[in-house]
Each structure stands twice: as C-alpha cells, then as structure tokens.
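Colleague: Got a predicted structure here, sequence first:
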Amino acid sequence: AQSVTQLDSHVSVSEGTPVLLRCNYSSSYSPSLFWYVQHPNKGLQLLLKYTSAATLVKGINGFEAEFKKSETSFHLTKPSAHMSDAAEYFCVGALNSGYALNFGKGTSLLVTP
Amino acid sequence: NAGVMQNPRHLVRRRGQEARLRCSPMKGHSHVYWYRQLPEEGLKFMVYLQKENIIDESGMPKERFSAEFPKEGPSILRIQQVVRGDSAAYFCASSPQTGRNDEQFFGPGTRLTVL
C-alpha cells in the first residue's frame, strides 16, 4: 500500500543543536516527496520538495532532506535549530498516478533554550 | 498576492445541522483540493476540483458530503446532517496546475466542532 510514515511523533532538541525528523515512504511509483511545516493556527508552508532530480534537496530556513531510494527514506535535517523552528512538520508524498497527496501523521518539534 | 483563504476559521454545529466551509484559492489558481485532519492524524485527501468540475472525489465519504467549485466564487465543502465524528480540521489547498511534482498551497484550515 502507498503510505508515508513519520517515525517520531515528538522530537525535542536544544537550540543550536542539529535537527533530524525521520520519514519513510512506500510506493510502487517513483515518488515525489515534500516536507511541509505548520505553525499554530497557520496553513502549511512548503519547506522543500524532491522530484527525481538531485537526491539532496535544500529548502528554506536552512532545512534540507536526502532522498534514499535503497532505504525508502526522506529524512529532514537542519544543522542548528532555532527557537522559531518549533512547529509541526509533515512529510508528504505524491505516491501514485492520482492527484492526492499522502500525509504522514506529523512530527511535533520542540526547541528548548 | 494573498494566500489561500478559508472561512470560517472555526465553526460550531449541533448534530443534524449543516456545515458549509469556504475556500478561495490563490489568484490564478484553478485547482482546488480539500483535506481532512482528524485529531492525532495526518491530513487525508477528500476531493480535487477544477472550475465547475469534480475531478477526483475518491476520498469523500459517500453520504452527507459534497463539494463544488463554481465558475464564480469560492469552493464550498458542504456537510449535511453533521455527526460528532465530523469534528476535524478541514484544509483547502490550491495549485496553478496539477501534476505530481507541483506544490499545493494550503489555507489555514477550518476547525469544525460538532456538539
């Protein structure tokens, strides 16, 4: 079945330390993959997307993600967390020929001083 | 360029009433998508519309739910005879064109509470 799985529902890091948010996918097609961020009471904002070009994708606010087909993963990283990074993060895939996006359940990132 | 607009932001209905959720896509976008987010869940696709046409409604419940995107005006998601299980956040997204690689731009959502 086509699906996106976010391995951690909550991640807590200290300000200035690296961030790793994990995502795995399952798809019989060559997927397009996205990371979105949602701040409280706001819409979802696109951080970055992978569309079968470069496997290392750079996004906004210093985030990047690497597509690893052998591991069916698309983990999101950032070298140094800021307080403003605290939000909900969604890994999202276009996993089949249809129009629907498949969402992971989200990872809540907490950044402590 | 204003983003995707949704209203109301919060909606409270009693069981059996109707809920109407509105979505105005970004300027120049003719493709609209509706998603539902249940508590502790990711967003689930409901329906994809272009102007005056429903393209894919594979995620819509078979009864009580309908969607439209008229030639003029916002897209409407209508839920008739609401039940407590309809309580969720409903998100609308739009895109200028459709394709698996294309970004969808999301609105802030409408949070529906059914009493």
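Modeller: Perfect, thanks for sending it.
Colleague: How about B:Phe45: what's its closest non-neighbour residue?
Modeller: The shortest distance from B:Phe45 to any non-neighbouring residue, by Cβ to Cβ, 6 or more residues apart in numbering or on different chains, is to A:Ala100 (3.5 Å). Placement of C-beta: from N, CA and C, glycine included.
Colleague: On the secondary structure side, give me the element for the one you found.
Modeller: According to DSSP states H and E, A:Ala100 maps onto no helix or strand at all.
Colleague: give the contact list for it.
Modeller: Residues counted as contacts of A:Ala100 (Cβ atoms under 8 Å, 6 or more residues apart in numbering or on different chains) are B:33, B:45, B:48, B:56, B:58-59.
Colleague: same question, A:Lys42
Modeller: Neighbouring residues of A:Lys42 by Cβ under 8 Å, 6+ apart: B:Pro108.
Colleague: in what helix or strand does it lie?
Modeller: Secondary structure from DSSP H and E places A:Lys42 outside every helix and strand.
Colleague: Next, it: phi, psi?
Modeller: As for A:Lys42, its main-chain torsions (degrees, to the nearest 10) stand at phi -120, psi 170.
Colleague: What residue, apart from its backbone neighbours, is nearest the residue sitting nearest the centre point of chain B spatially?
Modeller: For chain B, the residue nearest the mean C-alpha position is B:Trp34 (3.5 Å; Cα atoms, centre = their mean). The shortest distance from B:Trp34 to any non-neighbouring residue, by Cβ to Cβ, 6+ apart, is to B:Met46 (4.4 Å).
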